[in-house]
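Colleague: sharing a sequence plus its predicted fold:
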Amino acid sequence: EPEVTQTPSHQVTQMGQEVILRCVPISNHLYFYWYRQILGQKVEFLVSFYNNEISEKSEIFDDQFSVERPDGSNFTLKIRSTKLEDSAMYFCASSALRGASYEQYFGPGTRLTVT
Amino acid sequence: DAKTTQPTSMDCAEGRAANLPCNHSTISGNEYVYWYRQIHSQGPQYIIHGLKNNETNEMASLIITEDRKSSTLILPHATLRDTAVYYCIVRRLGGSNYKLTFGKGTLLTVNP
């Protein structure tokens, strides 16, 4: 069964450093998403991406964040200058089509620890 | 999107049916009911969704009341691996908002 994969599984970085989280969505999917979950809190939407542009973003997704689909398979989330409060699980998701009737499939997540 | 209300936690005996309720009294006619679950810090996993008819797949059944103000997710024969947080999410059909908005969900604990 096709699945979303994410690398690395755990990333430790120092405050102020740049990090890139990588995702490989399901191959025939067209819509891509990033969510995050701070320890003990809800899963929060960050951004959705389609046709090489952001289609929606949350208030969390400020200028420190960016997303890119550098090739036909990878989807990345970059945090330019990490803060302690960026420590969280980051989940990538993809869906075949956009719309309420289409489910999103999530990857296993990357645990980001900012020290 | 309509707000949902779920119990904070529930217990179920292994092998028995787990019935997880969700209230969505402000749901509108063009909103779907979705269920996802999250097993201890893993990525959320899609379970099932429906609009107004009851739905069944290999994982679960979804029962939506006739007035659509509430629904129940049924895991027919719960196993220990079904211990997870279950999220009931209402999403609008159409428009430009396709994000999933997660609440706190219900922690289902399946006991041996």
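Modeller: Okay, I see it.

Colleague: count of neighbours near residue A:10?
Modeller: 10 (other CB atoms under 10 Å in any protein chain shown). Bear in mind the C-beta positions are built from the backbone N, C-alpha and C, glycine included.

Colleague: quick one: contacts for the closest residue to residue A:80 other than its chain neighbours?
Modeller: Excluding the flanking residues, the one nearest residue A:80 by CB to CB, 6 or more residues apart in numbering or on different chains is residue A:64, at 5.0 Å. Neighbour list for residue A:64: A:79, A:80, A:81, A:83 [criterion: CB atoms under 8 Å, 6 or more residues apart in numbering or on different chains].

Colleague: buried subset of those?
Modeller: residue A:79 (16 or more other CB atoms under 10 Å in any protein chain shown).

Colleague: same list (the contacts of residue A:64) but as CSV, adding pLDDT and secondary structure.
Modeller: Converted to CSV, the contacts of residue A:64 look like this (pLDDT from 0 to 100; DSSP: H, G, I helix; E, B strand; the rest coil):
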residue, pLDDT, secondary structure
A:79, 98, strand
A:80, 96, coil
A:81, 95, coil
A:83, 97, coil
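
Colleague: just the contacts of residue A:64 now: which is nearest chain B?
Modeller: The closest of those to chain B turns out to be residue A:79 (CB to the nearest CB; 19.0 Å).

Colleague: which residues touch that closest one?
Modeller: A:18, A:19, A:21, A:64, A:65, A:86, A:112.

Colleague: what bridges to it?
Modeller: residue A:19, residue A:65 (DSSP bridges).

Colleague: tell me what the closest residue to residue A:38 other than its chain neighbours is bridged to.
Modeller: Spatial nearest neighbour of residue A:38, chain neighbours left out: residue A:88 (4.5 Å); criterion: CB to CB, 6+ apart. For residue A:88, the beta-bridge partners are residue A:112 (DSSP bridges).

Colleague: can you pull the contacts of residue A:110?
Modeller: Contacts of residue A:110 (CB under 8 Å, 6+ apart): A:6, A:7, A:8, A:9, A:10, A:11, A:21, A:89, A:90.

Colleague: now for the residues you listed, which pair is the farthest apart?
Modeller: A:7 and A:89 (13.9 Å; CB to CB).

Colleague: between those two, which one's more packed in?
Modeller: Set residue A:7 next to residue A:89 and count neighbours by other CB under 10 Å: residue A:89 wins out with 20 against 14.

Colleague: so the more buried one is in contact with residue A:37, correct?
Modeller: Yes - the pair residue A:89 and residue A:37 qualifies as a contact (CB atoms under 8 Å) at a distance of 4.6 Å.

Colleague: shared neighbours of these two, anything?
Modeller: A:109, B:41.

Colleague: burial of the residue in chain B that chain A sits nearest to, as a residue count?
Modeller: Closest residue of chain B to chain A, CB to the nearest CB: residue B:43 (3.4 Å). Neighbour count for residue B:43, taken as other CB under 10 Å: 23.

Colleague: thank you kindly, that will do.
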